[in-house]
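A.B. asks: Structure for this input, please:
(2 chains)
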There are 2 protein chains.
Amino acid sequence: MQAATRDEKRNIREVLLDAASALMRELDTIDIGILDIAARAEVNHGMIRYYFGSKEGMLMALLDRDVQHAIHQLDNLFTLDVPPVERMRIHLAGIVDTYYRIPYLNRLIQALVRDATTERVHHIAEELLKPIANAQRRIIEEGIEAGKFRKVDPKLFYFNTIGAADGLYSNRFTLSAVFGGMPAADDELHERYKKQTVDTLLSGLLA
Amino acid sequence: MQAATRDEKRNIREVLLDAASALMRELDTIDIGILDIAARAEVNHGMIRYYFGSKEGMLMALLDRDVQHAIHQLDNLFTLDVPPVERMRIHLAGIVDTYYRIPYLNRLIQALVRDATTERVHHIAEELLKPIANAQRRIIEEGIEAGKFRKVDPKLFYFNTIGAADGLYSNRFTLSAVFGGMPAADDELHERYKKQTVDTLLSGLLA
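C.D. replies: Next comes the predicted model:
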């Protein structure tokens, strides 16, 4: 084997994460095997150990990548000069998009903190979850101050948000039962769900 | 061993289901062992096979019992002579109560339909999930007709509802991260969550 260049290395790493993400989404489970991930990525399964140490290390890297992406979007959102209602609308639409793209997110968090080291638990809580919850709280407080939002508890609203956004994507069998056998949401259904979910949560927030 | 009377039999069956339900809630997982369930119920683990055939049979009986309880409450709700907004308020509060009591509900459904027989899949879809989704649709249509609700898609609203209601209870680690180390919702937090969730969803529904 020739030594990989830095770009190739980054590429294999990303291809592995993409493969794991795609399998979890398609199979609707976080219980996927390293052989299947390697096959999907079209690399030798030893690459998983090489790049991530273990499957668990790879799942942690995937969670980091997924959530850092969301945090980065939120950082950008605060650079926009828009009123609070509009900022919240963009934020809520972004959350629904996130769960459509990565419906395994909540399950992955749950699995990765079970029997985890104190360091990992601290990292997930402080560096992944709190920044998102705090960013949303900042938008809510901005809206309350401007007299646009009613005085909700931002912490509770956060759980309404992640639950409502996730509802259609993490309950595939119920989706199939309610939507006449449809196996999972497609782009069209996702767009309709996003619109109604954002309208509902935002109306629920308005003063 | 003396032959059990009919009342004793019903009792052991219910005690086993109560034990399984309590363990799933406390341990925040549906992966519980029959020895632990039997120990919690203080009966011999052979009783699980005797009453339910298998652990899976017992989990299916638990899902049936939990959901039939919710369907029964909905039937009662339709006998009340109240306006649509009030009926929806009671219904939404009932859903949040349900997920607080049985936070494993969505995970149990997902596990029981995986690799299940056609008959079971049909039963869960037609006799457990659709009656609840249809009852909620009936309340929404009643409210739209009365000019009280905006014209939402009842199917999409259903997923907002089960997601938002479940949000606080099925994401315990996120709860802990956001609420300063609290391990799970207690009665006081549940009451606050219920009030805000019902207010938010109902405001989102009003015309």
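A.B. asks: Scan chain A for its longest helix.
C.D. replies: When chain A is parsed with DSSP state H, its longest helix is helix A:55-79.
A.B. asks: residues in contact with A:N106?
C.D. replies: Residues in contact with A:N106 (Cβ atoms under 8 Å, 6 or more residues apart in numbering or on different chains) are A:162, A:166, A:170, B:170-171, B:174. (Each C-beta comes from the backbone N, C-alpha and C, glycine too.)
A.B. asks: And A:L175, by the same measure?
C.D. replies: Going by Cβ under 8 Å, 6+ apart, the list of residues near A:L175 reads A:168, A:182, A:184-185, B:159.
A.B. asks: Put the buried members of those residues into a PyMOL selection.
C.D. replies: To isolate the buried ones among the contacts of A:L175 in PyMOL, judged by 16 or more other Cβ atoms under 10 Å in any protein chain shown, type:
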select buried, (chain A and resi 168+184+185) or (chain B and resi 159)
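A.B. asks: from the contacts of A:L175, which ones fall inside helices?
C.D. replies: With helices defined by DSSP H, the entries of the contacts of A:L175 inside them are B:F159.
A.B. asks: what's the closest of the contacts of A:L175 to B:Q196?
C.D. replies: Within those, proximity to B:Q196 (Cβ to Cβ) peaks at B:F159, which comes in at 19.1 Å.
A.B. asks: Go ahead and confirm the closest one touches A:S170.
C.D. replies: No - using Cβ atoms under 8 Å, B:F159 is not in contact with A:S170; the gap is 9.6 Å.
A.B. asks: re earlier: now the contacts of A:N106 in JSON lines, with neighbour count, distance to A:A39 and pLDDT?
C.D. replies: Formatted as JSON lines, the contacts of A:N106 follow (neighbours: other Cβ atoms under 10 Å in any protein chain shown; distance: Cβ to Cβ, whole Å; pLDDT from 0 to 100):
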{"residue": "A:I162", "neighbour count": "26", "distance to A:A39": "32", "pLDDT": "94"}
{"residue": "A:D166", "neighbour count": "28", "distance to A:A39": "29", "pLDDT": "92"}
{"residue": "A:S170", "neighbour count": "25", "distance to A:A39": "26", "pLDDT": "90"}
{"residue": "B:S170", "neighbour count": "25", "distance to A:A39": "32", "pLDDT": "90"}
{"residue": "B:N171", "neighbour count": "25", "distance to A:A39": "32", "pLDDT": "89"}
{"residue": "B:T174", "neighbour count": "25", "distance to A:A39": "32", "pLDDT": "89"}
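A.B. asks: of all those, which two lie farthest apart?
C.D. replies: Top of the distance list for those (Cβ to Cβ): A:S170 and B:T174, 13.8 Å.
A.B. asks: What segments of chain A are helices?
C.D. replies: A:6-27, A:34-41, A:46-52, A:55-79, A:84-101, A:105-113, A:118-123, A:130-145, A:154-166, A:172-178, A:187-205.
A.B. asks: thinking again about what came up before, identify, from the contacts of A:N106, the entry nearest to A:E127.
C.D. replies: Closest approach to A:E127 among the contacts of A:N106 (Cβ to Cβ): B:T174, at 13.5 Å.
A.B. asks: ok, now which ones touch the closest one?
C.D. replies: By Cβ under 8 Å, 6+ apart, B:T174 lies in contact with A:106, A:109, A:129, A:133, A:159, A:162.
A.B. asks: pretty sure the fifth one is touching B:S170, no?
C.D. replies: No - counting by Cβ under 8 Å, A:F159 does not reach B:S170; the two are 9.6 Å apart.
A.B. asks: So what's the residue count around A:G33?
C.D. replies: Residues lying near A:G33 (other Cβ atoms under 10 Å in any protein chain shown) number 11.
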